[in-house]
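> Sequence and predicted structure below; questions after.
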Amino acid sequence: MFDILVYLYETYYRPDACPEAAVLAKKLSAVGFEEEEIFEALDWLTVLADTTNEMAKDPEQETQDSRASKGFRVYAEQEIAILGTPAMGFIHFLESAGLLHSQQREIVIERALAIHESPVPLDKLKVIVLMMLWSQGKDPEMLMFDELLLSDEDSEPRLLH
C-alpha cells in the first residue's frame, strides 16, 4: 500500500490532479500494482480525504491551534502499543517544531492506527505525514521535507548542539 501512496505523491503533485477512483485503480493496475493493494490504498485515501474535508469545514480551528498555548497529548494505552515510541516521538517532534498543528496530529495518529501494523514503522509514519499534507494541498516545509524523505540509513547522526 505504501508504495502506491508514494507513487501517487510523486505522480500527482496535488490530490485534485488524481483521476476518479475507478480510473486511478486501472492506471495503478497498468503500472503493475496488485489489485488488493490498490483497493487498500484507495480506501485508506478515501478516509484521509473525508477527514481532511471535515477539518476544512472548521478553518478557525487551525488558527486557534496556532495561537493556543502548547499542551501535550496523552496517548491511550492502545495507541502507545500500536504507534510505538519512535512514531510518537516523531509526531511530537513535528508538532513541537510547529510543523503540525493538533488537528493534523490527530489525522496522522488516526491514519497510522488504520494500517494495522504494530509498532508503526517510522518510514511508514513519514509517508502518512506526507500524504496528510498532500491531501490538504500543503507542501512540507524544508525541515519537514528533509525529515520525511531521509530514511534512517541515509541520514547521518544528528548533533543536539
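Happy to help now that I have it.

> need the next SSE after the least confident helix or strand in the chain by mean pLDDT, C-terminal direction.
Lowest mean confidence among the helices and strands of the chain (mean pLDDT, DSSP states H and E): helix 59-67, at a mean of 52. Scanning forward in sequence from helix 59-67 by DSSP states H and E, the next helix or strand is helix 77-96.

> list the helices and strands that next one packs on?
Judged by 3 or more C-beta pairs under 8 Å, 6 or more residues apart in numbering; DSSP states H and E, helix 77-96 is in contact with helix 102-113, helix 122-135, helix 142-149. From N, CA and C alone the C-beta is placed, and that goes for glycine too.

> Now render these as CSV, adding mean neighbour count and distance to E54.
Below are the helices and strands packed on helix 77-96 laid out as CSV (neighbours: other C-beta atoms under 10 Å; distance: least, C-beta to C-beta, whole Å):
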stretch, mean neighbour count, distance to E54
helix 102-113, 20, 9
helix 122-135, 21, 12
helix 142-149, 14, 23
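
> okay, the ones you listed in a markdown table with mean pLDDT and distance to P15 next?
Formatted as a markdown table, the helices and strands packed on helix 77-96 follow (pLDDT from 0 to 100; distance: least, C-beta to C-beta, whole Å):
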| stretch | mean pLDDT | distance to P15 |
| --- | --- | --- |
| helix 102-113 | 95 | 14 |
| helix 122-135 | 93 | 6 |
| helix 142-149 | 61 | 17 |
